[in-house]
Every structure is written in structure tokens, then in C-alpha cells.
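*Asks:* just to be clear, the model below is a prediction. Sequence and coordinates:
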Protein chains: 2
Amino acid sequence: MEVVILGTSSAAPTVRRGLSSLALIREGETFLFDCGEGTQFRMLKAEIPRRKLHHIFITHLHGDHIFGLGGLLSSLNLSEREPPLHIHGPKGIKRFVDFMTTFPRPTKFGFEIHVHEIAPNTDGPIWETRDWIVYTAPLDHTIPAMGFRLQEKDLLGRFDSETADQLGVPFGPERGRLQRGESIVLSDGRTISPELVVGPPRPGKAFAYCTDTAYCGAAQRLSVGVDLLVHEATYGDAELELARDRKHSTIRQAATIARDAEAKAFVATHFSTRYEGPSLDVLAKEGREVYPSLMMAKDLMRIEL
Amino acid sequence: MEVVILGTSSAAPTVRRGLSSLALIREGETFLFDCGEGTQFRMLKAEIPRRKLHHIFITHLHGDHIFGLGGLLSSLNLSEREPPLHIHGPKGIKRFVDFMTTFPRPTKFGFEIHVHEIAPNTDGPIWETRDWIVYTAPLDHTIPAMGFRLQEKDLLGRFDSETADQLGVPFGPERGRLQRGESIVLSDGRTISPELVVGPPRPGKAFAYCTDTAYCGAAQRLSVGVDLLVHEATYGDAELELARDRKHSTIRQAATIARDAEAKAFVATHFSTRYEGPSLDVLAKEGREVYPSLMMAKDLMRIEL
């Protein structure tokens, strides 16, 4: 699993920072979280595979998180992409996608676009496949906003073929049953229990994405034990009041979420354009007082999980 | 007058080429022609002054020419910009701007936004100030599209103060009258004609912008004698049929417009994403057979007029 942070600025871009968007790539499949203006450019630059982009998750409907959708859809349509594309987001996202794909005239798409509007205050799983589940929880922002957690399912334990050979387990369905946790009885009457040949299940990895939000419990719940949390950190301590008014987090609050959720890694992002150079170092220092290994997001930063 | 080409790709961006947009800066004032996704990023990178951006001219309503408007307006609003902003474009541009500034909730702007919808087939001046006029003419594209010509008014001739002193022309309104082309009579009875102290009027510069369009007479008329023509050149000779079907120009057609209009300089832009490296050199060669000094547009290219 690899996370590529595509844009890290809050509200408006700077010369160095684009608008909110993040790609997650696992098993060749790409997931997009938010799609601010310029997302498709960053995807090209970062060489994010687009053919297997099946899901886009939108946190909220502010322009800096969605204005890249129209262009991305148009460019995907010009490529030879075929599978359906699912766009998940708050109530209203359908109206936005409809407008962008019908103005000034309806565009004919070579693939299906399914827009899934998530009801306000939804708290739980919203999409599940054989291999992963995406959960959402309502964040605390000036308009409805939702955080996301992508949770891989636990993988079956590793099958120890050598030991199975030694025990005389035949090739065939018996091995599958052992892998799935069942005991089998061999033709000579011996019972082979799965523990003998199958290792412990390997826990799936988890990623959480929380933006835009004031400090809130839902962000912490979504982030419990994740391998990586990406959480907004729009302001520093000096702007605590502003953070409260505008329903954003200070980096200290974001780091507190990461620490209390026991996130294994934490990237702070979505910085106000007022921070650059030394003032950004101050922010990093404030956050690291709470979560020492905090990483400060940069555009096109890649994190392997 | 300086022109900065912000995006040069047709329909979809590439790693090197962004979407259609062009800035023109004269006397400290910025004009924007088209506003594809990413325009605000390119403006930051090219250090285009934004405070004195008063006019945006939109050629047509395809996404690759307008999807940057929402983000640009939002970012302008976050800056301390105050003067009114005029957006000129085809019928429908108002609906687009209205949507982008009211979704999901109406944005409060710190400056006035005036959207001017230009009636289909308008052919003539659409905006005039003391110093310049913008003309439009209908191009030939799959949806209504318009070309633009920004024409500086001729400047008055230079006033030769030294000669005026020698001739005994007093300081005061007499000099203003001479400057405006009137003769004056001095107190000693001598008549001073303006030619004696005022140089010839200095012709204003002109710039034309024609995209997207098939080869058409309107583009040529707009471009007559301009100091710089920027004209789309989506395809090469080999794709002449495609150019016809999709109502785009080949670079040879664009160069023909430039040659026949006697444009003093010509930049070809809006290249199909299929051209890169050697195939783009082929395009350049085709165009230069007609207009030898043709320049191939690159993102962030600057041209002084």
C-alpha cells in the first residue's frame, strides 16, 4: 500500500502547494481522496495509475476539495478507461458531478459514473469488497464533512507447504480447507489441524484521512490503530481561536488525535497559506511535542505502508 | 505589453502542458484569456499580477477552457483584491460562474463580479476604455466560440518640449492644444502648427487570440496586422480530416491565417496530446512552410510586444 499526497494547501494554492487530494495505491488499484483543482496534473506528475481508479472519496463540498473533478472525469474519458467509477461524498456531490458532466452539454462517457451520496451523520462502513472496507464518520466542519478509513481485511495465514508435504497432506482441496481454518482427516486416519501448517492471520493495513475538521472524537475513532493517519493541521497554536471559528484543527490538536488513536504514522497536511519556511517549522515543532515522529506533508510526498 | 502563455494542451493536460489560458499584461493591468483548470497555479508560478486583473475573456464553454474559473475566483476572493472583475464569454458563461460561486452555498465576494454574456455571432467591439478596445468575432467550432482582439488605441505623438521652448510656446493650455493636434496663435501673432512640436501618433499594439476553431475568415479578420497572434493548431497535416470533423485547425491552416493577416508574430498552441518531441517537430515544420518565424507555444512562455 502506498499513499501519495497530491496537494497540501488549505483553501488557496501557493507556488509550492496544491489543493487537497491524496492517492492510495494498493494491489494495482488506485483510490483517490478529495479532488481539488489540479489533481489530474499531480496524478500525471506522480505517475499515479489511472486505469484502475475505481473509487473517489470526497470529504466535503468546498471548492478546494472538488474543483478538480470535472477535469479529471473529462481526461479519464479521453483515455481508454472502461470500468465503472464510483464517487462517494456528502449530499450534494451528485448535483456537482451532474453539473460538471452536463455543462454546457451532456458529455458522453465511455464508462459508468456512479455517484453515492452518503447521508449526513453516517457512521460506519460505506463500501466493502472481498479485500477491503471503507468506513466513514462525520467530522466537525462548517459544512457537512466526513473522514474516511480504508481498512484492508486480514489476510489468511501463510501456508507452510514444506510441513504439509512432510505430514503427507495431499495436493488438492484439503489444503484449501486447512488454509481456511478447517481440520482435515487424512486417509490413514490422522487428523491435521490448521495450526500445524497455517501461520497466524496477517492483519490488514489501515489508512485514515480526516479533513476538514475541528478537533473531534470521530476523527480519533476513525484513526484507531491505523498504519497511517493523514489529518488536517491548518493552523498553529497562535491561531487556536481562528481554528475554532473556522472549524479547523491546530497541528497540536491533530497530533493529539494521532497520539490518542495510536496511529503508527501521522502526516499533518492542509496548511494555511500563511505558513512557509520558518513559520512552518514552528508548526512542526508544536505538533512534535505531542507526536514526535509527525511528518509534515509536502506535495508529491510518497509513504509506503 | 507582455503575453504569458499559461497552458498549451488541447482537451487534456500532459506532464508538460497545462490547459488553455493566457495572460496579457499592459501598463500594470492583467487580462486573462480562457481559464482552464490549473490557471491559478500557472499564474502563481509565472508571477502574474492578480490585483489588477479586471477582465477575463472566455472563448467557449468547453471544460478545458473554463474549469479553472471557480478556483481562481475563490483564491482572488481570499486575497485582498477589491476592484470589480468582468468576465466576458458566450451565452451560458453566467450559468457556469453562478454555479461555481454558489455551490454548495453562495460565496460572499469582497469584489463585484460582472458577467457579460456576448450574444451569438457578435462581431465587433465588446469593451472599450480610454486606452484599448477588445473586439470579438465568431469562430467555427463544435459549440459557439469567439476569438478576441485587444487593440491599444494610438498614442498621441511625442511632444518636443525643447523645440516648443525655442519657439516661445508658453507653458499652459497652449501646449495641450498642440498635443491634441490644434494650431495655436502666439501673442506676437505667429501661428504654431502642431507638426512643429508634436511627433507622429504612435500606433497602439494589437494582440489576437483565436481558439478553438476550424480555419475561418473571422480568425483572419481579427488578426489583421496584429503584433502577436496566438492561434490554435491542434493537429498536423496527417489529421486534416480529424481537424475538420472536430472543428479544429491544423498548424498549416493556423499559419495561413497568420500569414494572410500579416500578423507580425505568431504563436501556435493548443496541441493535441498525441504530439510530443519528434512529432511536435513535424508540426512545427509544417507550420513554418507557411509562416517561417512561427513560434511553438510552451507553458509559461513569455513574449514581449
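*Replies:* All right, it came through fine.
*Asks:* tally of neighbours for the closest residue to residue A:155 other than its chain neighbours?
*Replies:* The shortest distance from residue A:155 to any non-neighbouring residue, by C-beta to C-beta, 6 or more residues apart in numbering or on different chains, is to residue A:202 (4.3 Å). Backbone N, C-alpha and C define where each C-beta goes, glycine included. Residues within reach of residue A:202, counting by other C-beta atoms under 10 Å in any protein chain shown, total 12.
*Asks:* so what's residue A:202 up against?
*Replies:* With C-beta atoms under 8 Å, 6 or more residues apart in numbering or on different chains as the criterion, the residues that contact residue A:202 are A:154, A:155, A:156, A:157, A:158.
*Asks:* by neighbours, which of those wins?
*Replies:* Going through these with other C-beta under 10 Å as the criterion, the one with the most neighbours is residue A:157, at 17 neighbours.
*Asks:* residues contacting that one?
*Replies:* Applying C-beta under 8 Å, 6+ apart, we find residue A:157 in contact with A:179, A:198, A:199, A:200, A:201, A:202.
*Asks:* at 7 Å what do you get?
*Replies:* With contacts defined as C-beta atoms under 7 Å, 6 or more residues apart in numbering or on different chains, residue A:157 is in contact with A:198, A:199, A:200, A:201, A:202.
*Asks:* and it, what's its pLDDT?
*Replies:* We note a pLDDT of 87 for residue A:157 in this prediction.
*Asks:* how about the one 10 residues further on?
*Replies:* Among the per-residue scores, residue A:167 shows a pLDDT of 94.
*Asks:* what does residue A:91 give?
*Replies:* Model confidence at residue A:91, given as pLDDT, is 97.
*Asks:* swap in residue A:181?
*Replies:* In this prediction residue A:181 is given a pLDDT of 89.
*Asks:* interface residues of the stretch 1-150 of chain A facing chain B?
*Replies:* In this structure, the stretch 1-150 of chain A approaches chain B at residues A:11-15, A:18, A:37-38, A:40-41, A:44-45, A:61, A:63, A:67-68, A:70-71, A:74-75, A:78, A:92, A:96, A:99, A:103-104, A:143, judged by C-beta under 7 Å from any C-beta of the partner chain.
*Asks:* got a quick PyMOL command for the buried subset of those?
*Replies:* For anyone working in PyMOL, the buried entries among the residues of the stretch 1-150 of chain A next to chain B, judged by 16 or more other C-beta atoms under 10 Å in any protein chain shown, can be selected with:
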select buried, chain A and resi 11+12+13+14+18+37+38+40+41+44+45+61+63+67+68+70+71+74+75+92+96+103+104
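*Asks:* distance of residue A:303 relative to residue A:266?
*Replies:* Relative to residue A:266, residue A:303 is positioned 10 Å away (criterion: C-beta to C-beta, to the nearest Å).
*Asks:* oh, that last question was meant for residue A:243, not what I typed.
*Replies:* The value you get for residue A:243 to residue A:266, if C-beta to C-beta is used, is 18 Å.
*Asks:* what number of residues are in the vicinity of residue A:125?
*Replies:* 12.
*Asks:* what strands flank the helix or strand harbouring it, and is each parallel or antiparallel?
*Replies:* Here residue A:125 sits within strand A:124-128, counting by DSSP states H and E. Under the criterion DSSP bridges, strand A:124-128 sits next to strand A:132-138 (antiparallel) in its sheet.
*Asks:* what average pLDDT does the strand it pairs with get?
*Replies:* 98.
*Asks:* return the distance of it from the chain's centre.
*Replies:* 9 Å (C-alpha atoms, centre = their mean, to the nearest Å).
*Asks:* got a list of contacts for that strand?
*Replies:* Under the criterion C-beta under 7 Å, 6+ apart, residues A:57, A:118, A:121-127, A:146-153, A:218, A:221-222 lie in contact with strand A:132-138.
*Asks:* what about residue A:303 and residue A:266, which has more around it?
*Replies:* Under the criterion of other C-beta under 10 Å, the comparison of residue A:303 against residue A:266 puts residue A:266 first, with 26 against 18.
*Asks:* who is that one paired with across the strands?
*Replies:* Note on residue A:266: beta-bridge partners by DSSP bridges are residue A:229.
*Asks:* look up how far residue B:299 lies from it.
*Replies:* According to C-beta to C-beta, residue A:266 and residue B:299 sit 36 Å apart.
*Asks:* do residue A:159 as well
*Replies:* Residue A:159 sits 53 Å away from residue B:299 when distances are taken as C-beta to C-beta.
*Asks:* of these two, give the one with the bigger neighbour count.
*Replies:* Residue environment comparison for residue A:159 versus residue B:299 gives the larger neighbour count to residue B:299, 22 against 16, counting by other C-beta under 10 Å.
*Asks:* tell me the secondary structure for the more buried one?
*Replies:* Assigned state for residue B:299: coil (three-state reduction, DSSP: H, G, I helix; E, B strand; the rest coil).
*Asks:* same deal with the one 4 residues further on?
*Replies:* Remark: residue B:303 carries the secondary structure label strand [criterion: three-state DSSP].
*Asks:* quick one, phi/psi of the residue lying closest to it once chain neighbours are set aside?
*Replies:* Closest residue in space to residue B:303, ignoring its immediate chain neighbours: residue B:3 at 4.7 Å, by C-beta to C-beta, 6+ apart. Main-chain torsions, residue B:3, degrees, to the nearest 10: phi -110, psi 130.
*Asks:* pretty sure residue B:3 contacts residue B:207?
*Replies:* Yes. Residue B:3 lies in contact with residue B:207 (C-beta atoms under 7 Å); the separation is 6.4 Å.
*Asks:* joint contacts of those two?
*Replies:* Joint contacts of residue B:3 and residue B:207 (C-beta under 7 Å, 6+ apart) are B:24, B:228, B:305.
*Asks:* burial count for the first one?
*Replies:* The reference is to residue B:24. Close neighbours of residue B:24, defined as other C-beta under 10 Å, add up to 24.
*Asks:* which residues sit in contact with it?
*Replies:* When contacts are counted by C-beta under 7 Å, 6+ apart, residue B:24 touches B:1, B:3, B:31, B:33, B:150, B:207.
*Asks:* okay, it and residue B:31: tell me how far apart.
*Replies:* Remark: distance between residue B:24 and residue B:31 (C-beta to C-beta) = 4 Å.
*Asks:* mutual contacts of those two, please.
*Replies:* Overlap of the contact sets of residue B:24 and residue B:31 (by C-beta under 7 Å, 6+ apart) consists of residue B:150.
*Asks:* strands along the stretch 151-300 of chain A, start to end?
*Replies:* Listed in chain order, the strands of the stretch 151-300 of chain A (DSSP state E, counting those that start in this stretch) span A:184-185, A:191-192, A:206-210, A:228-232, A:266-269, A:295-296.
*Asks:* which strands and helices lie in contact with the third one?
*Replies:* Counting by 3 or more C-beta pairs under 7 Å, 6 or more residues apart in numbering or on different chains; DSSP states H and E, the packing neighbours recorded for strand A:206-210 are strand A:146-152, helix A:217-223, strand A:228-232.
*Asks:* using CSV, write out every CA atom in the shortest one.
*Replies:* By that I understand strand A:228-232. Provided in CSV are the C-alpha atoms of strand A:228-232 (Å, rounded to 0.1, in the frame of the first residue of the first chain):
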residue,chain,number,x,y,z
LEU,A,228,-1.1,6.0,8.6
LEU,A,229,-3.3,8.9,9.5
VAL,A,230,-3.4,12.0,7.3
HIS,A,231,-5.1,14.7,9.3
GLU,A,232,-5.6,18.4,8.6
